[in-house]
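A.B. asks: curious how this folds, go ahead:
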Amino acid sequence: MAIRILLLVALVVVSPFLAISSSQPKRPNFVVLISDDTRFFNLTPDAVGKPSSYAAVNVSTESLLPNLLRLAKNGVFFTNAHAQMALCSPSRASLFTGLRPDTTKLYYVHTKMRSAQVKGGLETIAEGLKNSGYETFAYGKALDPRSTAGNTQDYPRSWSEPVFALPGQVWEPNATATNCGYSGDRLIEPSKNLTPFAQCLIDDLANPKQAFGKRIALMDEIHANRALEKIDSLAERHGQDPNDTAPFFLVWGSFRPHLPFVVPQHHYARFNRSNFPFQWGINSKRDSVFNRGVSRNSEPASFSGWKVYARGQIFPTPAVHSQFVHGYYAACSYVDELIGMLVDRVRSYKSLVNNTIFIILSDHGFHLGEHQFYAKHTVYESATGVPLLFFGPEKYLPVQNRVIHTPVELLDIAPTVYELAGLPPRLSHDGESLVPLLRPKNPVQRVKTIAMSQYYGLLGLRNLLMIYSMRGDRYRYVVHTCRRRKIVLNQELYDYVTDPMEKRDIKKMPSTAKVLARFRWLIQKSLKDPKGYKVAIAMNNTMIV
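C.D. replies: Coordinates of the predicted model:
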């Protein structure tokens, strides 16, 4: 009798907790798809200050990015998302840790991420999820391999398995446009004595799970194939016992549309070279201190086909400009196709489709001639602006087909994923969770008023100068600072409503005095303390710029 009473009491005490446990929603899976060097392409007609369409004539988003456009209609698309630095390693470190470059002190591509002296340590999204019961996988370019010793430093710390990524690009001196691809243990792509927009002339995109027709698969396709195999395996496991299977965090990162623009020929054939005219009036050079302290198109100029013009700047000929933009658009089309293939595979499984959140983004943008810049390495719109898209089942993301025009940053993704996964917030994060925008109570709700980017000075001054950019709803403020003395050397201000191409610096106009003063106050807070920026935003969230 006593035993029965004890059992009854135990059942009464424990049953509420069992009920609570069984009622907890299943933690979501995450599939994160990261492209390299993809600038913002407008998927909505009412974004402010987006010059993406200028580089092409009669090329619609529907024809360029059909998969991204299709997916954006089922999720939340951000038109004002920005990278923290238009350089691969620092940007990806900020994305995965939720910390600014001024916090991580990671400013250059070869600085090892785990050497960063960050108070409280440096935790990646994958690491935090893995320590909380997630399985974590990466294929291709997730974190930059140059900052993680060839992806060896973060396994097993962040990843459940070693990152699957082919060795870095090997420039084969005898490679041609007809044999590009991967053969044996070496990557074969066109050598630098070819043009940066060579294309694979043998073109047959067959069933990607099996082979790529008559040609050898390219690097991004091989990484996608491995990711597809893992998706198939996870779907089978989750289908067999969904209640006893750990959620997963899977990252696939493409190397395209990064140079060289080596992609299957049919992506070139989708566009005519005449769609990409050289527009010297738009490719105008601005008289700016920053213009003398930025990379002088050294990345594309390392290939042939470029011509040196006046004052040491390296610009392409009009014909090469058209080739360059044509190649870039073909590479974007190629990545869009691979993204669609990966998303559709996940969504084809009943065991995954109702429990998986997708996040699609790029590590930073890419200039196509704006201000006579090509590639990245600046703090202007084309270099910092990126596509950012969240979509998934309504139980996690109840808002569908929503467009957000307020500023957000890539470092906001880490706190967002943590909140969606039910993890406690990290006080060390510089970013803000975007969940209030994904599950809004107020349709005009925002999490911040500006997005902040930065880039170091060049020409022997990289350890002395730092250029910051603050992008609001309407304005961009650019400030050149002395890092050691923490003083402002020069500033610029642009109004995207009246000047989407950033051609007129309006800092001296009387009508912008209040806006300029607000930006100056914010940058002074940030120079004194990288964390001061976050405090400043919280204190002045009502003043929209």
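A.B. asks: can you pull out the low-pLDDT segments for the protein?
C.D. replies: Where the chain drops to pLDDT under 70, the residues are 1-25, 44-54, 116-121, 167-217, 280-296, 302-314, 443-444, 458-463, 484-485, 528-543.
A.B. asks: and stretch 375-394, C-alpha only, in PDB?
C.D. replies: C-alpha atoms of stretch 375-394 as PDB (Å, rounded to 0.1, in the frame of the first residue of the first chain):
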ATOM      1  CA  ALA A 375      35.300  43.200 -57.400                       C
ATOM      2  CA  LYS A 376      34.800  44.200 -53.700                       C
ATOM      3  CA  HIS A 377      37.200  45.900 -51.200                       C
ATOM      4  CA  THR A 378      35.200  49.000 -50.600                       C
ATOM      5  CA  VAL A 379      32.500  50.300 -48.100                       C
ATOM      6  CA  TYR A 380      30.000  51.300 -50.800                       C
ATOM      7  CA  GLU A 381      26.600  49.900 -51.600                       C
ATOM      8  CA  SER A 382      27.600  47.400 -54.300                       C
ATOM      9  CA  ALA A 383      30.400  45.900 -52.100                       C
ATOM     10  CA  THR A 384      28.500  45.700 -48.800                       C
ATOM     11  CA  GLY A 385      24.900  45.000 -49.900                       C
ATOM     12  CA  VAL A 386      24.000  41.300 -50.000                       C
ATOM     13  CA  PRO A 387      20.900  39.200 -50.600                       C
ATOM     14  CA  LEU A 388      19.500  37.700 -47.400                       C
ATOM     15  CA  LEU A 389      16.500  35.400 -47.300                       C
ATOM     16  CA  PHE A 390      14.800  33.300 -44.600                       C
ATOM     17  CA  PHE A 391      12.100  30.800 -45.300                       C
ATOM     18  CA  GLY A 392      10.700  27.700 -43.700                       C
ATOM     19  CA  PRO A 393       7.500  26.200 -42.200                       C
ATOM     20  CA  GLU A 394       5.000  28.500 -40.700                       C
END
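A.B. asks: give the buried residues for it.
C.D. replies: For stretch 375-394, the neighbour count (16 or more other CB atoms under 10 Å) marks 375-392 as buried. All C-beta spots, glycine's among them, are computed from the backbone N, C-alpha and C.
A.B. asks: from Val76, how far off is the nearest residue to Gly98 once chain neighbours are set aside?
C.D. replies: Residue nearest to Gly98 in three dimensions, not counting chain neighbours: Ala414, with 3.2 Å by CB to CB, 6 or more residues apart in numbering. Using CB to CB, to the nearest Å, Ala414 is found at 17 Å from Val76.
A.B. asks: same question, Cys88
C.D. replies: Distance from Cys88 to Val76, by CB to CB: 26 Å.
A.B. asks: again with Gln491
C.D. replies: Taken as CB to CB, the span from Gln491 to Val76 is 33 Å.
A.B. asks: which one's more surrounded, those two?
C.D. replies: Set Gln491 next to Val76 and count neighbours by other CB atoms under 10 Å: Val76 wins out with 22 against 18.
A.B. asks: looks like the more buried one contacts Phe391 (just checking).
C.D. replies: Yes: using CB atoms under 8 Å, Val76 is in contact with Phe391, at 6.9 Å.
A.B. asks: ends of stretch 430-445, what's the gap?
C.D. replies: Distance across stretch 430-445, first residue to last, is 20 Å (CA to CA, to the nearest Å).
A.B. asks: likewise stretch 71-82?
C.D. replies: Using CA to CA, one end of stretch 71-82 lies 20 Å from the other.
A.B. asks: could you do stretch 69-82 as well?
C.D. replies: End-to-end distance of stretch 69-82 (CA to CA): 19 Å.
A.B. asks: and that stretch, which residues are buried?
C.D. replies: Quick answer for stretch 69-82 (16+ other CB under 10 Å): 69, 71-72, 75-82.
A.B. asks: and the longest helix for this protein?
C.D. replies: What stands out as the longest helix in the chain, according to DSSP state H, is helix 318-347.
A.B. asks: and that helix, which residues are buried?
C.D. replies: For helix 318-347, using 16+ other CB under 10 Å, the buried residues are 320-343, 345-346.
A.B. asks: who are the packing partners of the helix or strand following it?
C.D. replies: Toward the C-terminus, helix 318-347 is succeeded by helix 350-353 as the next helix or strand (DSSP states H and E). Here helix 350-353 touches helix 219-240, helix 318-347, going by 3 or more CB pairs under 8 Å, 6 or more residues apart in numbering; DSSP states H and E.
A.B. asks: run the chain-centre distance for the helix or strand that helix 350-353 is followed by.
C.D. replies: Later in the chain than helix 350-353, the nearest helix or strand by DSSP H and E is strand 356-362. Remark: strand 356-362 is offset 10 Å from the chain centroid, using CA atoms, centre = their mean, to the nearest Å.
A.B. asks: for strand 356-362, buried residues please.
C.D. replies: 356-362.
A.B. asks: now tabulate those residues in TSV and tack on distance to Gln279.
C.D. replies: Below are these laid out as TSV (distance: CB to CB, whole Å):
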residue	distance to Gln279
Thr356	42
Ile357	40
Phe358	35
Ile359	34
Ile360	29
Leu361	28
Ser362	24
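A.B. asks: domains in the chain, by residue range?
C.D. replies: Per the record, the chain has its domains at 24-438, 451-539, by automatic domain parsing.
A.B. asks: need the winner for burial among these.
C.D. replies: Burial of these is given as mean neighbour count (mean count of other CB atoms under 10 Å); domain 24-438 ranks first at a mean of 19.
A.B. asks: roughly how far is that domain from the heart of the chain?
C.D. replies: 5 Å.
A.B. asks: where does Asn74 fall, phi/psi-wise?
C.D. replies: When read as degrees, to the nearest 10, the backbone of Asn74 gives phi -110, psi 10.
A.B. asks: quick check: it touching Pro393?
C.D. replies: No: at 10.3 Å, Asn74 does not count as touching Pro393 under the criterion of CB under 8 Å.
A.B. asks: show me the contacts for Ile404.
C.D. replies: Counting by CB atoms under 8 Å, 6 or more residues apart in numbering, Ile404 makes contact with 76-80, 437.
A.B. asks: tabulate the residues you listed (CSV), appending secondary structure.
C.D. replies: Below are those laid out as CSV (DSSP: H, G, I helix; E, B strand; the rest coil):
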residue, secondary structure
Val76, strand
Phe77, strand
Phe78, strand
Thr79, strand
Asn80, strand
Leu437, helix
